[in-house]
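Chemist: what follows is a predicted structure for the sequence shown.
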Amino acid sequence: MKSLDLPHALAERPSAEDDAAIERFLDRLWLERGLSANTQASYRSDLRLFARWLRVRGTALTTAGEVEIKAYLAARVLAPRSQARLLSALRQFYRHLHADQQRQDDPTARLDSPRLGLRLPKHLSEEEVERLLAAPDATTDLGLRDRAMLELMYASGLRVSELVGLKAASVDLRAGVVQVVGKGGKERLVPIGEIALDWLRRYVQRARPALADGRSVDALFLTARGQAMTRHNFWHLIKRYAAAAGIRTPLSPHTLRHAFATHLLDHGADLRVLQSLLGHADLSTTQIYTHVARARLREIHARHHPRA
């Protein structure tokens, strides 16, 4: 028998039948649950890699059993959250086959999920946010664009994919709102706030026409080449401005979203309002920020109370 290790499996390709089964599964999830493009890509990658590993063993993805799944999970050295995501993809795939009567059993039914500790989102203090927002040189077109993007993200709590995916027509500068297409294609209206609105207005009136350079582009935020800004580009911008602002906290584009949520709660926002602004389908997702607020209260108490 061939070696069963993961590197050997990478030399294989999933069969056409396995690939077709994966795509049918993803199509069904998209239709029933509005699965985001990022989640689809993650599930596709996880299932295709498992199919390649199974092919070394002479087994098809659609017929694999509990023994093969357990062996594969043992062969993968993954962090608990990555392991949980992989198991979620496998569970949903085999439940789909079972519900569709393509097989009589669910081989994942008796598998336990890894225990996950509560992961609190990283966030910035209000003073750190002010330094980050002030880092771009707003006298230049690119700097003005970057200031407008940072201000809008902090003022509205948009996901980075929502921010870079905004169309010029999505923003109503007079009403001070932005129309956002979130996960699953769900739309929501989010208020911008006066300060972010002012920076956005300056960008739209001055910098965006210069970056577009006569081209007709739908995207709101443009690169130096007049093309739509990407998540990757924005991630590099965040890192550069954080370094310029002297911020040592490891940042991602999501950090400003977390700061938006945490600072709203700090100033008395209602959890249901925050859920609506963030575009969370489930309130339990929003409740993670109550843990952040409590953690900050404990920190303040320990630092300032004489008997702490």
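Modeler: Nice, thanks for sending it over.

Chemist: gap between the two ends of stretch 57-76?
Modeler: End-to-end span of stretch 57-76 (CA to CA, to the nearest Å): 16 Å.

Chemist: just how off-centre is it within its chain?
Modeler: In terms of CA atoms, centre = their mean, to the nearest Å, the centre of stretch 57-76 is found 29 Å from the chain centre.

Chemist: give me the residues contacting it.
Modeler: The contact list for stretch 57-76 (CB atoms under 8 Å, 6 or more residues apart in numbering) reads 1-2, 4-6, 14-15, 17-18, 21-22, 47, 50-51, 53-54, 83, 86-87, 90, 93, 97, 102-103, 107-108, 110-111. C-betas here are computed from N, CA, C, even on glycine.

Chemist: what about it, average pLDDT?
Modeler: Stretch 57-76 shows an average pLDDT of 90 in the prediction.

Chemist: what comes up buried for it?
Modeler: If you call a residue buried by 16 or more other CB atoms under 10 Å, then stretch 57-76 has these buried ones: Leu61, Thr62, Ala64, Glu68, Ile69, Tyr72, Leu73.

Chemist: quick check: the farthest pair among the residues you listed?
Modeler: Farthest pair in the buried residues of stretch 57-76 (CB to CB) is Thr62 and Leu73. Separation: 18.1 Å.

Chemist: what about this structure, any weak spots by pLDDT?
Modeler: 1-12, 34-35, 113-123, 183-184, 253, 260, 263-308 (pLDDT under 70).

Chemist: for it, what spans make up the strands?
Modeler: For the chain, applying DSSP state E gives strands covering 171-172, 177-181, 187-191.

Chemist: could you chop the chain up by domain?
Modeler: Segmentation of the chain into domains, based on automatic domain parsing, reads 6-99, 126-304.

Chemist: just to revisit the earlier point, out of the buried residues of stretch 57-76, who's nearest Val181?
Modeler: Comparing those against Val181 with CB to CB picks out Leu61 as the nearest, at 32.5 Å.

Chemist: if we can go back for a sec, if any of the contacts of stretch 57-76 are buried, put those into a ChimeraX selection.
Modeler: The buried residues among the contacts of stretch 57-76 can be selected in ChimeraX (16+ other CB under 10 Å) with this line:
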select :14,15,18,21,22,47,50,51,53,54,83,86,87,90,93,97,107,108
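
Chemist: and Ala224, which of the strands of the chain is closest to it?
Modeler: Of all the strands of the chain, strand 171-172 sits nearest to Ala224, with 21.1 Å by CB to CB.

Chemist: walk me through which strands the closest one pairs with, and which way each runs.
Modeler: Sheet pairing of strand 171-172 (DSSP bridges) gives strand 177-181 (antiparallel).
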